[in-house]
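1. 3D model of this:
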Amino acid sequence: MGNLAIGSHVGGDDPIAAAKELGLDHIQVFLADPQSWKGSIFPHSEGAQGLKASSEAAGIGIYVHARYIINVATTNNKVRIPSRKLLQTDVDAAAAVGAKAVIVHGGHVTDGDDPQAGIDNWVKALAQLDMKVPVLIENTAGGKNSMARRLESIKGLWGAVGDTGVGFCLDTCHAHAGGIDMGQLADTILGITGRIDLIHCNDSRDSFDSGADRHANLGEGSIGMDNIINCLKTAKAPIVLETPFEGVAADLELLRKSL
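-> Next up is the predicted model:
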């Protein structure tokens, strides 16, 4: 298990330099303000090609997190249609930097909507998406109308999109806060999706089923390290830390010892 690739979400103008300093196998970045509808921004002085060349020279992979505002599931046309376009923008930008994948949240419908409408909207979004790099749907922590919080919602969504080429990103904090039992988390998800392509490895500041998406450094939250390590070993997927950055070095040391 010592060969599991471990990385972290990083920011700044030179994420590859930060990755080298921490000894990361890969990084996760935003290629735009995650709350903005505007165009892509590449964290390198020479733009997308510079970031791609720098990562390739260093042997450090790149994952791209799509913007938080994207919600392709919603029945609100004023959000859904721009979200489809923005997801394509983020996929195109990820391809330009040679990214391994784009991670996007499952989104949600609103009160009174049939959840099936959200599933149908996901199918339509993926049908028109030019998936230049793999797209991974991530489970989310909160909201009673979320498409990927509860197990039954994940089952419904995956039953419709699982054969479209998308993958799955499992977030440990989101699962805990979303009310999914952590004891056999990876086995449970694998039983639904048949795959876990990436792990967002985070502890949770809040209690089980709180619905709160607040990450904690490993061992400082409420999940329990035994549950986290068991999940990582079972999933056998690349790992990205999204924990508070001031504690990432300690988190990396803990993971490397544990795995």
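2. any idea how far G106 is from D197?
-> Counting by Cβ to Cβ, to the nearest Å, the separation of D197 from G106 is 14 Å. Where you see a C-beta, it was placed from the backbone N, CA and C, and this is true even at glycine.
3. so for these two, which sits in the more crowded spot?
-> A count of neighbours by other Cβ atoms under 10 Å puts G106 above the other of D197 and G106, at 24 against 21.
4. number of nearby residues for I192?
-> 17.
5. and it, what does it touch?
-> With contact set as Cβ atoms under 8 Å, 6 or more residues apart in numbering, I192 has these partners: L151, I154, K155, W158.
6. so the last one sits in a helix?
-> Yes - counting by DSSP: H, G, I helix; E, B strand; the rest coil, W158 is found in a helix.
7. close enough to count as contact, it and T193?
-> Yes - in this structure, W158 is within contact of T193 by Cβ atoms under 8 Å, at 5.2 Å.
8. can you list residues touching both of these two?
-> Residues touching both W158 and T193 by Cβ under 8 Å, 6+ apart: F168.
9. backbone phi and psi for A101, please?
-> phi -170, psi 160 (degrees, to the nearest 10).
10. what's the local residue count around the closest residue to it other than its chain neighbours?
-> Spatial nearest neighbour of A101, chain neighbours left out: P134 (4.2 Å); criterion: Cβ to Cβ, 6 or more residues apart in numbering. A count of neighbours around P134, defined by other Cβ under 10 Å, yields 18.
11. residues touching P134, list them.
-> Residues near P134 by Cβ under 8 Å, 6+ apart: K100, A101, V102, G165, V166, G167, D197.
12. buried subset of those residues as a ChimeraX selection?
-> Command for ChimeraX that selects the buried part of the contacts of P134, burial taken from 16 or more other Cβ atoms under 10 Å:
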select :100,101,102,166,167,197
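13. dump the contacts of P134 into a markdown table; add distance to M147 and secondary structure as well.
-> Shown next, in a markdown table, are the contacts of P134 (distance: Cβ to Cβ, whole Å; DSSP: H, G, I helix; E, B strand; the rest coil):
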| residue | distance to M147 | secondary structure |
| --- | --- | --- |
| K100 | 23 | coil |
| A101 | 19 | strand |
| V102 | 17 | strand |
| G165 | 18 | coil |
| V166 | 13 | coil |
| G167 | 16 | strand |
| D197 | 18 | coil |
